[in-house]
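[1] Predicted structure and sequence below. I'll ask about it afterward.
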Amino acid sequence: MKYSYYPGCTMKAKAAYADACARRSAAALGFAMEELQDWQCCGGVYPLGADEVATKLSSVRALMAAQEKGQDVITLCAACHHVLKRVNDDMRHVPAVQEKVARYMGTEAPYQGETNVYHYLEVLRDTVGFDTIKKKVVKPFTGQKIGAYYGCLLLRPGKIMGFDDPENPTVLEDFIRAIGAEPVLYPYRNECCGGYISLREKALAGNMCENIVASAAGFGAEMLVTACPLCQYNLTKTTKMPVRFFTELLAEALGLEGEEA
């Protein structure tokens with residue numbers, strides 16, 4: 001199985017190791033990630049203006065490029081996944097947006113959301129299967145208690161994202177079990193870390209992160225794992241508890257970690 005890979009800005013900079021781990025793990029698990037050429041920043045925030053199309057164009061270009069290759073899109077960053085998925089939903093269901101984008105881009109036929117957008121975790125769950133991953137693990141995290149941190153962007157709005165149950169998700173806990181660790185359930189695993197206000201309201205974002213970490217630690221977590229690089233950055237600045245990106249743990253469990261670790 002081949003996917004068009006939209007890395008986004010963070011995976012090419014601060015989270016380059018998480019990106020490398022994802023690529024290695026994909027090869028070991030039997031699927032390919034072909035990076036889209038000339039991809040552009042998704043903006044990091046889904047534009048809420050109903051008549052706003054200019055800031056959606058980079059996402060549409062990526063989706064159309066994947067369509068031309070006959071591939072679906074895979075992402076790693078929760079923010080990129082959120083933006084691409086919601087823009088794609090607009091292109092599927094809002095004719096006015098389709099028409100405006102087509103006129104802006106000068107295309108004869110409007111793109112109508114034919115490309116599917118998947119987060120890497122969805123591919124692990126729905127295509128590879130966690131049972132398969134369990135069989136391939138050579139360095140299990142036996143005895144470690146890991147708390148899953150979902151944050152906001154993967155889960156909401158639930159009907160559009162369709163990623164997991166927005167109130168009681170399980171995919172990260174299932175992932176944690178697959179790599180041999182024990183998942184820790186705690187009340188704040190779906191709460192916002194304040195990522196989008198962390199520059200302007202540092203104290204408020206810091207308090208939000210402290211509540212998340214305290215909640216996880218109070219239920220016995222020794223480590224947090226997340227699928228959002230912005231959440232990872234925000235939480236890491238607040239706590240001494242290890243906060244890891246899920247692909248890092250996956251590569252380590254599969255025995256694929258590199259020298260740059």
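    On my side now, so go ahead.
[2] alpha carbons only for contacts and neighbour counts from here, please
    OK.
[3] Give me the buried positions along whichever strand or helix holds residue 28.
    For residue 28, the host element (DSSP states H and E) is helix 16-29. Neighbour counts over helix 16-29 (16 or more other Cα atoms under 10 Å) mark 17-26, 29 as buried.
[4] Residue 195: what's it in contact with?
    Shown in contact with residue 195 (Cα atoms under 8 Å, 6 or more residues apart in numbering): 205, 230-231, 234.
[5] mind listing which of these are in helices?
    Applying DSSP state H to these, the entries found in helices are 205, 230-231, 234.
[6] could you redo the contacts of residue 195 as JSON lines and give each row distance to residue 123 and neighbour count?
    Rendered in JSON lines, the data for the contacts of residue 195 read as follows (distance: Cα to Cα, whole Å; neighbours: other Cα atoms under 10 Å):
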{"residue": "205", "distance to residue 123": "31", "neighbour count": "22"}
{"residue": "230", "distance to residue 123": "21", "neighbour count": "22"}
{"residue": "231", "distance to residue 123": "21", "neighbour count": "26"}
{"residue": "234", "distance to residue 123": "26", "neighbour count": "22"}
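[7] out of these, who's nearest residue 173?
    Proximity of the contacts of residue 195 to residue 173 (Cα to Cα) peaks at residue 231, which lies at 17.3 Å.
[8] thinking again about what came up before, max pairwise distance over the ones in helices among the contacts of residue 195: which two?
    The widest separation within these (Cα to Cα) is 12.1 Å, between 205 and 230.
[9] hang on, the earlier thing: can you list the buried residues of helix 16-29 in CSV and add distance to residue 75?
    As requested, these are exported to CSV (distance: Cα to Cα, whole Å):
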residue, distance to residue 75
17, 15
18, 12
19, 10
20, 13
21, 13
22, 10
23, 11
24, 15
25, 14
26, 12
29, 16
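[10] which among those residues gets closest to residue 40?
    Relative to residue 40, the closest of the buried residues of helix 16-29 is residue 19; by Cα to Cα it sits at 16.9 Å.
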